[in-house]
Structures are given as C-alpha cells and as structure tokens.
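S.K.: give me the fold of what follows.
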Amino acid sequence: MKLDQFAVVFPNYPWLPPFKPFNGWGATGKPTQELAWYDDYNATKHDRESAFERATLCRVTDLDNLPEPDELAEEIIENLEAGLNSFREVLAGLNKVA
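M.R.: Next up is the predicted model:
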C-alpha cells in the first residue's frame, strides 16, 4: 500500500488543499506519534477529559497550513464569479430558446 500518496479532498470546499493523512509516516520510528491526527485521536481516546480539545476537525485536516486569509478570499471570489458566469450563460441560453 502506498499510504503516503493517499489524499483526501473536499470538493465542496475547493480552497482547502488536499490533505495527506499519512504523509511522513515512518520517518522517525515512532508511528503512533508521527501522525499528529492519530496522536490527538489516541490521546483523546485514552484521556477524554484532559485531551478532548485535541479532537477537532482542524487537527485532523491540518488546516493550520492553509493559505493566508486574503489568498483564500481571492480564490473564493474567483470561484463565485465563475459560478455566476455559468448561471448567466445558462440564462442566456434559456432566453434564446424561449
């Protein structure tokens, strides 16, 4: 298995980069600690009261490495404008048929 090549994408959130949950696994010889998401899961599983704040989607998806907010905003605006242009084309096509 080539787990280091496995990636999760979020099609409804195109501004999020692909997440590779097993990237870097096996590099240090401490497999349960090398993957931050698994270490957080394991800590929460064994000590829910003191480690519960580690059980978040941000921890799982490595959202700390997102682009800067202004870059994200620009990409979101571009996606929205492209969607609006598509709707305008559909509307123009419908007007020609009617």
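
S.K.: what's the single longest helix in the chain?
M.R.: Counting by DSSP state H, the longest helix found in the chain is helix 69-97.

S.K.: if I look at residue 80, how far off is residue 16?
M.R.: Residue 80 sits 16 Å away from residue 16, going by Cβ to Cβ, to the nearest Å. (C-beta placed from N, C-alpha, C; glycine too.)

S.K.: how far off centre is the longest helix of the chain?
M.R.: Chain-centre distance of helix 69-97: 23 Å, with Cα atoms, centre = their mean, to the nearest Å.

S.K.: show me what it is packed against.
M.R.: Packed against helix 69-97 by the contact rule (3 or more Cβ pairs under 8 Å, 6 or more residues apart in numbering; DSSP states H and E) you find no helix or strand.

S.K.: looking at residue 80 and residue 16, which is more packed in?
M.R.: Of the pair residue 80 and residue 16, residue 16 is the one with more neighbours under other Cβ atoms under 10 Å, namely 17 against 10.

S.K.: perfect, I'm done here.
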